[in-house]
Every structure is written in C-alpha cells, then in structure tokens.
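A.B. asks: after the sequence you'll find the predicted model.
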Protein chains: 2
Amino acid sequence: MSDSRPIGIFDSGVGGLTVVDKIEKLLPHEDIIYFGDTARVPYGTKSKETVTKFSVENVEFLMAHDVKLVIVACNTASSLSLDFLRRCFKVPVIGVIAPGAAGAVNSTRNNRIGVIGTSATISSGAYEKAIRKISRKVKIFTQSCPLFVPLVEEGWTGGEIARKVSGIYLNGFKVNRIDTLILGCTHYPMLKDVIKKAVGPDVLLIDSAAEVAKEARDLLDASGLLNNSRRKGGQKFFVSDEPGRFIKTGGRFLRRRISCVKRIT
Amino acid sequence: MSDSRPIGIFDSGVGGLTVVDKIEKLLPHEDIIYFGDTARVPYGTKSKETVTKFSVENVEFLMAHDVKLVIVACNTASSLSLDFLRRCFKVPVIGVIAPGAAGAVNSTRNNRIGVIGTSATISSGAYEKAIRKISRKVKIFTQSCPLFVPLVEEGWTGGEIARKVSGIYLNGFKVNRIDTLILGCTHYPMLKDVIKKAVGPDVLLIDSAAEVAKEARDLLDASGLLNNSRRKGGQKFFVSDEPGRFIKTGGRFLRRRISCVKRIT
C-alpha cells in the first residue's frame, strides 16, 4: 500500500520548521503542506480558547489540501488544543507533547526530568500529564521561559544576554538535579548551546521535533499510509502574514533557503 | 456645547493603557471605550496589510459604541494604518506618531532626535516623515528594539538584563549626540530608567502617550466635542483574548487595578 497524500503541519509561525526539517530527513518521500499562522503569532501567551479557535481554523486549511496526517508542530497548540482537534477531525492528529514526554522518560536514568516552554505550555501542565501516563516514578520540574522566543527571533542565540537570561530561567534545575530536559518549544533548539551551559553538560536535551518525526513515521507505517514512491517529496509553505519575514527567519530553522511561500487570508 | 459620547481607544494589547492613563488625567470627565487586541498581539512584527486589516476591525468595534473620536494608541498601527483609517471612517482618528514627533521637535535644542520603536514602526519611517513635515533642519536617528516589549511583559524593567539590552540598542545614540529621544512604543515608558541610563541624563525622553492626550484635548475643544458634565468619566475595557492576563499586566500600565474587562469574539 502507498498513500501519496501530503502530511499537514501547522505552527504559530516559523518554529514548526524544525519539525519539517526532521520529517524531511526521516521521511524523504513524503509531500508536506506547512501552515505558519504568522499574522496571529505567538500562541504562547494566549488562552486555551483562543489557541483552540486558531488551531481548528489551521487544521481546516490543511484538510482542504487533503492531508493524510496532521502534525501540530506548536507546543502551545499541542498542549491546549490537541484533544479538541482529535474530536473535531477524522484525520489522525499528533502533537509534540506525547513524543517529547516519551523520549524524556526513555532517556532519564535518575527519574528527574525538567520541562521548559512558553507560559501557556507550562501552565497547561500538558507535559506532566503526558509523562504521568507513562511513568509514575518520575519527578518533574518545570519553568516557563517567555524571553527565549524573542531572543531567537532577534537572532541573539549566543552571547552574554542569552547566557544571562538562560541562567535566570535555568539555574534552579541544577538544584533539582535533573538529568533530562525537554525543550518544550520549537524555538528552543536554536538556544541549545547556552541552555546546555546553564544546566550542565550531563543533562540530556530532548528536542520534541525529532521525537514527533519518529512518531509520524511509526503511525504512517502502522496504518499503511506511507508514500512508497521513490521521488523526493515536495513542500508547500503557507503563512497568514506577508512571507518576507517568514522566509528570512525560517531559513535559520530549516537550515536551507525557503522558496515558494504563499500568503493566505 | 457638550458631547457625552465616549472616546474610543485601541491598541494591540495592554500598552495603550498608558494613553488611557494620560487621558484620564487631562480629560477626567470623558468616558472611554478601550479595545486591546490581545488575541492577535503583537502588531510590531507584522506587515502593513495585516496590521491595517486588524485596525479596521478594531475601529469598527469602537464605532459600534458610538465614539466621537478614535485614538490609535498603538505606535505600529499609527505608523502603518492611520491614513487608511482616516479614509475609511467619518469620525476623527488620531494616532501617536504626529503628536510624538511634534513634542520632540518642540523640545530639541541641537536638532538631533532619536526614535526607538518596534521593527514595523521603525522600518515604516513614519516618525521621520512626521518630523520632516514640521522641520527640515532636524537630523533623525532610529533604532528598532524588538526585545523591549517582551522584557516589559516579563516584568524585567530594571536589573542587569534590561541594562545590557538597552546598552546594545541605544549606545549608538551617544555617538549621534541626540538631545531628544522619542519612545515610539507604548511599552517603552516602563523602561524609562534604564533607557535614561543608556542614553545619558541630558537626553529628554518623549512619551507619545502624553503628547497624544494633549492633541485629543485640543481637537475635542476646537470641535466643540468636549464632555462638559462634571461627573467623573467611566471606562469600559474590551479584549479579544481572555481578560486574566490583560488585567494582571494592564494594572502596571494603568497604575491602578482594572476591573470590568469584557472579552469579545
């Protein structure tokens, strides 16, 4: 069996391109439809109701492209809206939370896991719930890091400011002696080096983007939905604000030039 | 003559409450309808077309409350959309740019003015155009400060991080020998102390919120639209996301507790 329909991925903006990057590597023959809600970004400071309303609209847009799977690449939308999306739509919908939580539980040796994310993701408690479903032994420590996304968008991912901000947010994790830290926001892998310095070299960083790509592969494989063609998959990018900024910032997330970005209204 | 209709004020979020604060002081008998577009905040990183679309919707909402004057309290929306709003609506519409520019030109002694704001405000060139309309002698130096709004929203308005970030953005103004600096974003007055330290004690800071309040008074007075009643004016606050965060952050901007905030869809 082979299913040539594309995979749909949405995020509040550019961050979800880290998921596209991982999917391209793991599933090179799949077509991808990506939607970045750049007119309404960020989601991380907004309420469950608002984020869910936006998410439903985003999935409706992807569904119009006949996608076979929806990946909610945004941690905030995954935290607040995944259950609702699954009830609303017939297509399988996966988010970044459960795969990230599973990756962390598999990796921890001392059962002490840290989670960082936006205010909305952290206060939703979504990662705690997802970890609890797998293991009741793990101790979980959380911290929201609202300045990390603006730092990444400004391009200040190294240097003194990034180090100091990381220190303020992350120093507590040393006291908590975590050995695994979930980067619960698609922007955070861009700050990997300073985060690593703040928490210490022995703490393993879990990037949800890599974990959700594996889950997507397993799910498509198990359901007979993989695209078995041998040609390289294509990508189409859509945004809700004008594409210029998305193309510029997005290039850093995808680690290649993005072309062919369409604005929708 | 007396006109008891309210003044309508909108902003992308909480920042415009600094304008409400100044209006309450200068025009204590006026009723105010405030709309903060908290579901779609921030505007400062978005395109002219998107910000204008949002602004038109915001004014339509205020018009439904029969306002006699619209104040665009958001620097970004004033920069990108004021001309369009004036063509669309019959009610007088004023923004924060022209009053801020006039305040700066009146204050400078050496004719060297600095302007700081969001990326969208600065790249629009709106302050330069407004200053040029008044004086061709002035030299203008501009700098966008994308991290200032997140710093204020995080509450990190003093301390080392705010000082370092201010230093990076503002050190150039010393070389340019400005004597007046326009705070071209309603969030920036919250960072007054660190900004003052970065540019030096002799540089005068112009707060657009204070300037637009004077312009509103003059316009209402000249058009016979002032409310001459002796009772204290009332305020109604509306937001597009859930009110909790607005109430919490907004209290710092308005310097008093906000109550009675309604969410609209």
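C.D. replies: Here it is on my side, so go on.
A.B. asks: any idea how far the strand or helix carrying A:Thr18 is from the middle of the chain?
C.D. replies: Per DSSP states H and E, A:Thr18 falls inside helix A:17-26. Averaged C-alpha coordinates place helix A:17-26 at 11 Å from its chain's average position (Cα atoms, centre = their mean, to the nearest Å).
A.B. asks: can you check stretch A:73-82 too?
C.D. replies: 8 Å.
A.B. asks: circling back: now the helix holding A:Thr18: mean pLDDT?
C.D. replies: The pLDDT scores in helix A:17-26 average 96.
A.B. asks: could you identify the helix or strand that succeeds that helix?
C.D. replies: In the C-terminal direction, the helix or strand that comes right after helix A:17-26 (DSSP H and E) is strand A:32-36.
A.B. asks: partner strands of that next one, parallel or antiparallel?
C.D. replies: Take DSSP bridges as the rule and strand A:32-36 pairs in its sheet with strand A:7-11 (parallel), strand A:235-239 (parallel).
A.B. asks: what secondary structure does A:Leu85 sit in?
C.D. replies: Classification of A:Leu85 into helix, strand or coil gives helix, according to DSSP: H, G, I helix; E, B strand; the rest coil.
A.B. asks: without its sequence neighbours, what residue ends up closest to it?
C.D. replies: Taking Cβ to Cβ, 6 or more residues apart in numbering or on different chains, and ignoring the residues beside it in sequence, A:Leu85 has A:Val93 as its nearest neighbour in space, at 4.9 Å. (Glycine included, C-beta is placed from N, CA and C.)
A.B. asks: and A:Ser229, by the same measure?
C.D. replies: Excluding the flanking residues, the one nearest A:Ser229 by Cβ to Cβ, 6+ apart is A:His29, at 5.5 Å.
A.B. asks: what about the one you found, distance to B:Arg132?
C.D. replies: Taking Cβ to Cβ, to the nearest Å as the measure, A:His29 and B:Arg132 are separated by 57 Å.
A.B. asks: A:Val152 too?
C.D. replies: Counting by Cβ to Cβ - A:Val152 and B:Arg132 are separated by 36 Å.
A.B. asks: check A:Ala216 too.
C.D. replies: When distance is defined by Cβ to Cβ, A:Ala216 is 54 Å away from B:Arg132.
A.B. asks: before we move on, the earlier item: I figured the residue nearest to A:Ser229 hits A:Asn227, correct?
C.D. replies: Yes: counting by Cβ atoms under 8 Å, A:His29 touches A:Asn227, with 5.0 Å between them.
A.B. asks: which residues are common contacts for these two?
C.D. replies: By the contact definition Cβ atoms under 8 Å, 6 or more residues apart in numbering or on different chains, A:His29 and A:Asn227 are jointly contacted by A:Gly233.
A.B. asks: between those two, point out the one with more neighbours.
C.D. replies: When A:His29 is set against A:Asn227 and neighbours are counted by other Cβ atoms under 10 Å in any protein chain shown, the residue ahead is A:Asn227, at 20 against 14.
A.B. asks: looking at A:Ala216 and B:Arg132, which is more packed in?
C.D. replies: Higher neighbour count among A:Ala216 and B:Arg132: A:Ala216, with 24 against 14, using other Cβ under 10 Å.
A.B. asks: in three-state terms, label that one for me.
C.D. replies: Using three-state DSSP, the structure places A:Ala216 in helix.
A.B. asks: over to A:Gly172?
C.D. replies: The three-state label for A:Gly172, taken from three-state DSSP, comes out as helix.
A.B. asks: number of nearby residues for it?
C.D. replies: Counted with other Cβ under 10 Å, residues neighbouring A:Gly172 total 13.
A.B. asks: beta partners for A:Ser144?
C.D. replies: So, taking DSSP bridges as the rule, A:Ser144 has A:Gly117 as bridge partners.
A.B. asks: contacting residues for it?
C.D. replies: Shown here is A:Ser144, whose contacts under the criterion Cβ under 8 Å, 6+ apart are A:Ile116, A:Gly117, A:Thr118, A:Ser119, A:Thr121, A:Ile122, A:Ser123.
A.B. asks: what's the answer for A:Gln143, then?
C.D. replies: When contacts are counted by Cβ under 8 Å, 6+ apart, A:Gln143 touches A:Gly114, A:Val115, A:Ile116, A:Ile122, A:Tyr169, A:Leu170, A:Gly172, A:Phe173.
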